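[1] fold the following for me, if possible:
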Amino acid sequence: MDLVTLTSQRLDAEPYTTAEIISKYAEIDSRTVNNRINQYKFDLLEFGALEFSTIKTLNPNGGRPRKIWRLNEEQAMLLITYLDNTKPVRQFKKALIKQFAAMKRALIERQAKFELGKEYSKSLHAAISESPALGEHGHLYININKLVYKQALGVNVNELRNARNIPKTEVITHYLSASEADAVKRVKQQIKTLLEMKFNYQQIKTALQVQGIIYQIRLQLPAKAIV
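    Just a heads-up that it's a prediction; the model follows:
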């Protein structure tokens, strides 16, 4: 069961849970959970802003949109202390603690891979600028970047940006998992080595295609935002 979600796919995303998840897995009526949030609102605000999204009612006769509260780790843990200490609540709290911890570890690992990847990118850029192939290929930087993602993850850059809602002003590596970042780093290192061996762009592309894709990913269309 997924109890914790990230606010985005970026490296600086924040993990959170929702009042609905607390209600479902702690086996407490949703009205009770929402009442506790409103009752102790100022306590919860000490640990960050209280975020929420709204969803439209499924009632064909209409009705007011429903508010879904989003709680960060501290807010969620505090709220649970204000609930009855039943067995389902205790079981849920243990599971929630474990998932928050796992999500934070995954984020730390991604951030570490990103920092390491920046060093590989710098060395690759230096190799490109020093390569005699640069004079043969006017768009070498752009095309090598495209080649990196195609050979590392099996998708092109535009597909990846569209699937993960990555703005053009942001670098793609902010949105990669640790495994994806590892694959990208590996391909960058391989290209750097081939450039140092005086391979031109086409020779590099052929060599990487023989090797195959490092870490094939499957892209999904981005979900529509809830407003």
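[2] specify the local secondary structure of Lys192.
    When the structure is split into helix, strand and coil by DSSP: H, G, I helix; E, B strand; the rest coil, Lys192 lands in helix.
[3] can you pull the pLDDT of it?
    We note a pLDDT of 92 for Lys192 in this prediction.
[4] doesn't His125 make contact with it?
    No - between Lys192 and His125 there is no contact, the gap being 9.4 Å when judged by CB atoms under 8 Å. Every C-beta, even on glycine, is put in place using the N, C-alpha and C of the backbone.
[5] same drill for those two, tell me which one is more crowded.
    Set side by side, Lys192 and His125 show more neighbours around Lys192, with 19 against 15, by other CB atoms under 10 Å.
[6] and that one, what is it in contact with?
    Listed by CB atoms under 8 Å, 6 or more residues apart in numbering, the contact set of Lys192 reads Tyr120, Ser123, Leu124, Ala127.
[7] counting neighbours, what do you get for the last one?
    Using other CB under 10 Å, Ala127 has 18 other residues around it.
[8] contact partners for it?
    When contacts are counted by CB under 8 Å, 6+ apart, Ala127 touches Ile191, Lys192, Leu195, Glu196.
[9] now it: which helix or strand?
    The secondary structure element spanning Ala127 is helix 87-130 (assigned by DSSP states H and E).
[10] from the chain's centre, how far out does the helix or strand following that helix sit?
    Of the helices and strands lying after helix 87-130 in sequence (DSSP H and E), the nearest is helix 140-153. Between the centre of helix 140-153 and the centre of its host chain there is 21 Å, according to CA atoms, centre = their mean, to the nearest Å.
[11] what does stretch 64-78 give?
    Going by CA atoms, centre = their mean, the spacing between the C-alpha centre of stretch 64-78 and its chain's C-alpha centre is 20 Å.
[12] how far does that stretch stretch from one end to the other?
    Across its full length, stretch 64-78 reaches 28 Å end to end, with CA to CA, to the nearest Å as the criterion.
[13] any idea of the mean pLDDT in it?
    The average pLDDT within stretch 64-78 is 92.
[14] report the buried residues of it.
    With burial defined by 16 or more other CB atoms under 10 Å, the residues of stretch 64-78 counted as buried are Ile68, Trp69, Arg70, Leu71, Asn72, Glu73, Gln75, Ala76, Met77, Leu78.
[15] quick one: contacts of that stretch?
    With contact meaning CB under 8 Å, 6+ apart, stretch 64-78 is reached by 7, 14-20, 22, 34, 37, 40, 43-44, 47-48, 50-57, 79, 93, 96-97, 100, 226.
[16] could you tell me which of these are located in helices?
    Among these, the residues falling in helices (DSSP state H) are Ala19, Glu20, Ile22, Asn34, Ile37, Asp43, Leu44, Leu79, Lys93, Leu96, Ile97, Phe100.
[17] make TSV from those and add distance to Ser179 and neighbour count to it.
    Listed next are the ones in helices among the contacts of stretch 64-78 as TSV, based on distance: CB to CB, whole Å; neighbours: other CB atoms under 10 Å:
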residue	distance to Ser179	neighbour count
Ala19	32	21
Glu20	30	16
Ile22	31	28
Asn34	38	18
Ile37	36	21
Asp43	39	14
Leu44	35	23
Leu79	33	21
Lys93	30	19
Leu96	25	21
Ile97	25	15
Phe100	21	20
